[in-house]
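> give me a 3D structure for the following:
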Amino acid sequence: MNGLNRMMTSAVAGLLLAAAPAWAKDRLAFGTTAQSSVHYTYAVSAAKAVNDNSEDLDVTVIATGGAVDNLHRISRGQINLGLGTFDTIYQAYAGLGKFEGQAMPNLRGLWVHSPATQAWVVREDSGVSTLSELEGKAFTPGQRGSATEQLVIQMLETLGIQPDYQRLALNDATAAVKDNRSIGYVKAGGIGTIDGTTMEIKAQLPLRLLSFSEEEQAKVLEAMPFVTFASYEDNEVEDFSAFTSPIQIIGEFSTVDGMTNEQVFSMLTDIADNAEVQVAAFPSFGQIDVLQDSVDLINIPLHAGAVEFYRSRGLDVPDRLIPPEMK
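Purely as a prediction, here's the structure:
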């Protein structure tokens with residue numbers, strides 16, 4: 001090698017070394033849901049909040065089939081973190097329901113982006129005012145194939161109630177309520193808000209929201225401790241009477257070794273400190289306290305990096321959220 005070549009090689013090597021910090025970001029794959037979902041839109045905004053502000057992380061959003069698909073992908077090491085409903089994530093963590101014999105005790109919670117009120121909607125002229133009166137009635141338990149549908153069927157089975165299930169896509173379910181082929185359906189909305197499809201029906205005919213009694217809540221919680229209930233006063237949700245119903249907690253999760261403590265701490269810092277882009281894409285994010293709600297509503301142990309982050313922001317992390325690796 002002549003002197004000129006040696007000089008050029010040294011110069012190139014020097015440039016590569018100088019540029020290395022810009023290339024040294026940790027790449028993280030974020031499994032989300034279908035691109036048509038509002039939660040995919042949220043995931044894109046969350047990734048932007050991180051990518052635009054982090055010196056350490058580069059998050060790639062991957063469209064997937066949702067929570068169950070993400071659980072399979074994270075178990076195969078194909079993604080570093082995923083999005084899903086925490087009732088499904090808990091069942092995978094504990095090996096319950098469809099995950100019996102396939103528990104994933106290494107799952108860890110990160111943050112919550114959307115507690116969603118589950119509205120059990122019925123036509124007022126159906127005469128149905130309690131859950132038990134759904135017995136034998138035409139009723140859609142949730143959009144076909146959704147986490148809502150799975151959870152509703154599980155709860156009704158626990159309560160010994162067997163409606164005449166109408167397993168329908170969302171548009172078909174709302175049409176069936178409008179023309180009285182079905183007395184109602186279940187649909188998760190926002191935080192203490194009703195989904196737009198329900199409000200559309202309500203503009204055409206009177207509706208009622210069914211409520212879980214204390215006894216029904218106790219039965220569900222005994223069999224399904226991962227379910228969370230919320231109560232609302234008269235007129236707190238539109239002009240509906242007071243009711244109690246489940247809330248579906250939608251958020252992000254990883255595994256013990258899917259992300260390092262430093263990666264989780266850095267990601268949560270950017271999520272918490274850069275809410276604007278997330279609220280612009282997903283307005284419901286602006287209605288939650290992402291720090292306190294995550295600590296209150298996540299139902300599996302947190303990632304150790306998440307425990308460190310929440311404590312750094314002054315939150316008391318309960319013992320139930322402390323992972324075994326920190327004990």
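
> strands along the protein, start to end?
Along the chain, the segments classed as strands by DSSP state E run 26-31, 57-62, 81-85, 107-123, 138-140, 164-165, 184-188, 207-209, 228-232, 243-255.

> adding mean pLDDT, write these out as CSV.
Below are these laid out as CSV (pLDDT from 0 to 100):
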stretch, mean pLDDT
strand 26-31, 97
strand 57-62, 98
strand 81-85, 93
strand 107-123, 94
strand 138-140, 97
strand 164-165, 98
strand 184-188, 90
strand 207-209, 97
strand 228-232, 90
strand 243-255, 94
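
> these: which one's closest to residue 293?
strand 107-123 (5.2 Å; CB to CB). For every residue, glycine as well, the C-beta is placed using N, CA and C.

> which regions of the stretch 51-200 of the chain lie under the pLDDT threshold?
Regions of the stretch 51-200 of the chain meeting the criterion pLDDT under 70 cover residues 145.

> quick one: the closest residue to residue 32 other than its chain neighbours from residue 279, how far?
Closest residue to residue 32 apart from its sequence neighbours, by CB to CB, 6 or more residues apart in numbering: residue 43 at 4.0 Å. Distance from residue 43 to residue 279, counting by CB to CB, to the nearest Å: 14 Å.

> gap between residue 187 and residue 133?
According to CB to CB, residue 187 and residue 133 sit 19 Å apart.

> residue 210 too?
9 Å.

> same question, residue 327
For residue 327 relative to residue 133 (CB to CB), the value is 47 Å.

> please apply the same query to residue 166.
As judged by CB to CB, residue 166 and residue 133 stand 16 Å apart.

> can you check residue 156 too?
Residue 156 sits 12 Å away from residue 133, going by CB to CB.

> compare the two (neighbour count), which wins?
More crowded of residue 156 and residue 133, by other CB atoms under 10 Å: residue 156, with 20 against 16.

> give the contact list for the residue sitting nearest the centre point of the chain.
In the chain, the C-alpha nearest the mean C-alpha coordinate belongs to residue 250, at 1.5 Å (CA atoms, centre = their mean). Neighbouring residues of residue 250 by CB atoms under 8 Å, 6 or more residues apart in numbering: 39, 83-86, 112-116.

> ok so, going back, out of residue 43 and residue 279, which sits in the busier spot?
residue 43 (27 against 14).

> quick one, grab the pLDDT at that one.
At residue 43, the model reports a pLDDT of 96.
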